[in-house]
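Chemist: I would like to see how this sequence folds:
(2 chains)
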Amino acid sequence: MARQEQKKDVVIVGLGWTGSIAGIELAQEGLEIVALERGHDQNTVPDFQYPQQIDELKYGVRLKMMQKLSQQTLTVRRSGDETALPYRSLGSFLPGNGVGGAGTHWNGLNWRPQPAELKLRSHVVENWGEGIIPEGMNLGDYPVSYDDLEPFFTQFEKVAGISGYAGNLNGEIREGGNPFEGWRSEDYPMPPLPTTYDSSKFQAAAKAMGYHPFPAPAGIASTAYVNPYGMQMGPCNFCGFCERFGCYQYSKSSPQTTILDALKRYPNFSYRTQSEVLRVELAADGKTATGVTYWDDAAQEEVFQPADMVILSSYQLNNVHLMLLSGLGEAYNPLTGEGTLGKNYAYQMNGGITMFFREEEFNPFVGHGANGMVIDDFSISQNDFGAEGFIGGSYWRSGTFNGQPIRNMPLPAGTPAWGAGWKQAIGENYGHAMSIGSHGSHMAYANNHLDLDPTYTDRHGRPLMRMTFNWQDNDLRMNQFMKSKMEPLAASMNPDLMQAGFKNIGAQYDVRPYQTTHNTGGHIMSENAREGVVNRYSQTWKAHNVFAMGAGNFVQNTQYNPTGLVGALAYHTVNAIRTQYLSNPRPLV
Amino acid sequence: MSHSRGWPLPRKRRKAPPPVPLEDYDRAYLNADEWAFVMAATARLIPSDGDGPGAIETRVPVFIDLQLAGDYGAAGDWYMEGPHDPSAEPARGWQSPLNPAEVYRQAIPAFDAWCEETHGEIFAKLSPEQQDASLTSLQKGDVGLPSELRDFFTILLANTKEGYFADPIYGGNHGMQSWVYIGFPGARAAYRAWPERHNVKYPLGPVSISGERA
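Modeler: The predicted model follows:
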C-alpha cells in the first residue's frame, strides 16, 4: 500500500530545464509545488568544483553524470522485423541524471529554429508541392509559429544567458550575424565569445566562398552577467570540459547556474530527489490526473503524491515511457496509423570533415562546447528541396571543444589502432587537426517510433520502452549533399590531409558510438487530438491537467540543437498556464 | 617545463612518490596468470620503444586491474537483465551476459589456449612478433572465442588507452608521461588568454587532479 503525501497544487516530474522553468514561474503564482527527481541532488559547489570535475575518465568515459541504465533504459530495434534488444551500456545517446538533468552536461549550443522549420509541411507544399514528400515520411507543421514563440525565445535566452550576435534584428540584416535566422526582437544578452584558431580559419575560408559565417549562439557566458532571476554567471575561461561535465566556474548555462538557487528561495516550492515517478494516476473518468505514484529510494516504498496539476518535464524518452505506462494517449501503430503516443520519434543526421595541418597548432584543449564559427548557407530555408531530392538542412560549425585525449584523438585514416604505429601517430597528430561538423535535420517517419517492449522490464517490473529506429534515405541524401558541398570548402583551406565522415546511403543505425542526445518526438504537438499527444500549450489532449514539456513535443526534429526550442516552448506553456489555465482549468484548445 | 615567467610555483613542488614496482604490485582483481597476460598484451598494444612512453612505464596494467575491481568491471551502471543474445550483430551493442571483469577472466585462458595451440606457448611467453600476430588474430575475431567474449579485444584496447591517458589518480599515466608526450595540459583547465593566441603552441606542461606537475 502506497504511502500518501499531502496534496499539492502542482507536481513536477523531473527537475531539469523545463521542470525548473515551470517551478519558478508557477511558484511566482503562489502555488504549492513539489518537484520529484529520479536522480541525486547536485550543484556547482561541491559537485562540479575544480579540480575533481576535470576528470575525463570519470565523466567523459565512465559517464558518471548520466542516467544509469541499470536503473532505467529502453530496447532498440531497427525495424519491425527485428527483436528489440536492451540498450545495456551507454553509447549513441546519453540522457542525464540528477537535478539539472541534461541541462548540466550539455554543450551549450542554444539555437532558435528557422521560421520555415516550424511550418515545414506548409513550406514544402507551397514551394514544391506534396509530391516531393517521400512515402512514409510524417511531415508536419508545428501548431505554433515562430512569431508566436519569438517573445519566449527571447525570455529563455535572457534567463539562460546566451552569448552571440543577432543577424536579424527586427528584420534588419546585420553584417557578421546569421542572415538566415528568424527575426529577433532584441540582440543576445551577451556579446560573442572570442574566436579560436580553427574557427578563424573556417571563417576566412567560408567568407572567401561567399558564405556567411557568424559566431555560434552559446549558452556560455562571455562576460559577467545577472539574469532576470538575479542569478549570476561569470565569463568562460575555455577550460575545455563542457560536454558530459558540470561547469566548475558558473559560465555554462544550466538550471544550476540560472534558475535553481532562485527557485529554492520560494517557500511554496520543494523538491525530493531519489524519487522516481512510476506512473501518472488518472481519475475514474480518465479525463484528469489525480497525481503521480513514485518510488522513494531512501524509504524503499511507493508513494502517492496527489496534485491538481501534473507537469511531465523529464527527459523526452522518459516522458514518453511514463505516458505509455499511464495511458496518457493511445499508443501509435505504424501499420494502421492509429494512435499518437510514441509517434514521430526523430534524431539528428550529422557528419563532418577532419583536416590535418602538420605545422599548425590548434591547442584542442582550449575551447568550450558552443565554441566556433557557423554557417547556415545550407540550412532548411536555403535549400531547394525539389532540385536536390531531399527535405532538410544543416548548419556547419568549426570550433575546438572536448580536446581530451581518450575521446578526441583524430588520426589519419589507415593509422594502426595500436602498436608502434599508433603511438607514433598520436605524437605527430595531436593538436594538429581541426574539423568542421554538419549538424542536420531529421524528419519523422512511420517506421521510427516508440512503444512498450514485450519482453524486458525494469527493476519495478514495468515494461521497458522500445525504440524502433533506423536511418532513412531522405536524411542520408541530405547528409551526402552536405559532404559534396563541404569537401570543396575544406580543400580550399589546403590541409596536408583531409578525411570525411558522413553516413552513406544504406547506413544502418549502430547504438555503440556516441552520436547525439537529441532524441525528439513521441508526444508531439498537434492542432487536433487525432494527430498528436499535446496541444500548442503542451497540454495533453487526454487529460487537461497534465502538461508534457520538452523535445517530445517536436513534430519532427529541426536542424539545430533542441534546447532553444525546448526552452521557448516551456515559457510559452507556463505563460498559458498562468494567463489562461489557472483561473479556469480546462482544455485550452 | 618552463616556469620562468608569470606562473608561480606552489611552495612545495609536489612529486609523486616512487611507485611499487609492477612485479610487486598487490593486485585487486587479476590473478597471477591474468596479470602476466595483461602485462604482456598492453606492452604490445602501446610498446615502449620509439618516441613516447609505453603502457608499462605508464603503469597501464595497474589501471586495468583497478578498473576491473571496481564499478566498471562489475558493469554496475549497465542493464544486465536477460534474456541475452550475445550473437546479435555488433551494431546492437553489448549483449553479452558477462560483465567486463568476467570477460577478462574467461577470455584470457581461452586466448592463451589458442596461442598455445597455434604458437606452442601461452601469450606471455611468445616472442613480440608472435604476440603482435596473435593480437591481430584476436582483433579480427579469428581465435574462436564464443560470442559472449566477442568484445574482449575491443575492451582490452579501450581500457589500455584509457589507462594511458586518464588522470594518474586511476593508477595509469604514471608521471603524466602520455600527456607530456602529446602536449595535453591535463587538469589545468584555465585558458582565458588562449582562444585568440592563434597558431601558438601552449607552453606549459600538465598538472594532475592531485596537484602533480610535469
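
Chemist: Name the single longest helix found in chain B.
Modeler: In terms of residue count, the longest helix belonging to chain B (DSSP state H) is helix B:100-119.

Chemist: Name the next helix or strand downstream of that helix, please.
Modeler: For helix B:100-119, the following helix or strand on the C-terminal side (DSSP states H and E) is helix B:128-140.

Chemist: Report the buried residues of that next one.
Modeler: Within helix B:128-140, the residues that count as buried by 16 or more other CB atoms under 10 Å in any protein chain shown are B:130, B:131, B:132, B:134, B:135, B:137, B:138, B:139. In short, each C-beta sits where N, CA and C put it, glycine included.

Chemist: Export those residues as TSV, with columns for distance to chain A.
Modeler: Formatted as TSV, the buried residues of helix B:128-140 follow (distance: CB to the nearest CB, whole Å):
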residue	distance to chain A
B:130	14
B:131	10
B:132	7
B:134	13
B:135	7
B:137	14
B:138	11
B:139	8
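
Chemist: where do the helices sit along the stretch 151-300 of chain A?
Modeler: For the stretch 151-300 of chain A, helices defined by DSSP state H, counting those that start in this stretch occupy the ranges A:197-208, A:255, A:261-263.

Chemist: right, so of these, which gets closest to chain B?
Modeler: helix A:197-208 (4.0 Å; CB to the nearest CB).

Chemist: what is the rounded mean pLDDT of the closest one?
Modeler: The average pLDDT within helix A:197-208 is 98.

Chemist: How about that helix and chain B, any contact?
Modeler: Yes - using CB under 8 Å from any CB of the partner chain, helix A:197-208 reaches chain B at A:197, A:200.

Chemist: Convert the C-alpha atoms of that helix to CSV, please.
Modeler: Output of helix A:197-208 as CSV, limited to C-alpha atoms (Å, rounded to 0.1, in the frame of the first residue of the first chain):
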residue,chain,number,x,y,z
TYR,A,197,42.3,29.5,-34.5
ASP,A,198,40.3,26.7,-36.2
SER,A,199,37.2,28.8,-36.2
SER,A,200,39.0,31.8,-37.7
LYS,A,201,40.4,29.6,-40.5
PHE,A,202,37.0,28.3,-41.2
GLN,A,203,35.5,31.8,-41.1
ALA,A,204,38.0,33.1,-43.7
ALA,A,205,37.5,30.1,-46.0
ALA,A,206,33.7,30.3,-45.8
LYS,A,207,33.8,34.0,-46.5
ALA,A,208,36.1,33.5,-49.5
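
Chemist: Tell me which residue lies farthest from the centre of chain A.
Modeler: residue A:420 (40.2 Å; CA atoms, centre = their mean).

Chemist: Might one say that that one is in contact with residue B:47?
Modeler: Yes - counting by CB atoms under 8 Å, residue B:47 is a contact partner of residue A:420 at 5.4 Å.

Chemist: And residue A:555, how close does it get to residue A:313?
Modeler: 19 Å (CB to CB, to the nearest Å).

Chemist: any weak-confidence spans in the chain?
Modeler: Defaulting to chain A. Applying pLDDT under 70 to chain A flags residues A:1.

Chemist: The chain in question should be chain B.
Modeler: B:1-16.

Chemist: which residue is nearest the centroid of it?
Modeler: Nearest to the mean C-alpha position of chain B, by CA atoms, centre = their mean, lies residue B:160 at 2.1 Å.

Chemist: counting residues per strand, which one in chain A is longest?
Modeler: Secondary structure of chain A per DSSP state E: the longest strand is strand A:301-312.

Chemist: on that earlier part again, now for the residue nearest to the centre of chain B, which secondary structure element holds it?
Modeler: Using DSSP H and E, residue B:160 falls in helix B:152-165.

Chemist: distance between that helix and the chain's centre?
Modeler: With CA atoms, centre = their mean, to the nearest Å as the basis, helix B:152-165 stands 4 Å off its chain's centre.

Chemist: could you give the angle of that helix to helix B:100-119?
Modeler: Taking axes from the mean of the first three to the mean of the last three CA atoms, to 10 degrees, one finds helix B:152-165 and helix B:100-119 inclined to each other by 110 degrees.

Chemist: picking that back up, given the longest strand of chain A, what are its sheet partners and their directions?
Modeler: The pairing partners recorded for strand A:301-312 under DSSP bridges are strand A:3-4 (parallel), strand A:8-13 (parallel), strand A:289-296 (antiparallel), strand A:546-548 (parallel).

Chemist: Only C-alpha atoms, please: export that strand in PDB.
Modeler: Output of strand A:301-312 as PDB, limited to C-alpha atoms (Å, rounded to 0.1, in the frame of the first residue of the first chain):
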ATOM      1  CA  GLU A 301       8.500   2.300  -0.900                       C
ATOM      2  CA  GLU A 302       5.900   3.600  -3.300                       C
ATOM      3  CA  VAL A 303       4.400   7.000  -2.600                       C
ATOM      4  CA  PHE A 304       1.200   8.600  -4.000                       C
ATOM      5  CA  GLN A 305       1.600  12.300  -4.500                       C
ATOM      6  CA  PRO A 306      -1.800  13.900  -5.100                       C
ATOM      7  CA  ALA A 307      -1.800  17.200  -7.100                       C
ATOM      8  CA  ASP A 308      -4.200  19.300  -9.100                       C
ATOM      9  CA  MET A 309      -1.700  19.600 -12.000                       C
ATOM     10  CA  VAL A 310       1.000  17.300 -13.300                       C
ATOM     11  CA  ILE A 311       3.900  18.600 -15.300                       C
ATOM     12  CA  LEU A 312       5.900  16.000 -17.100                       C
END
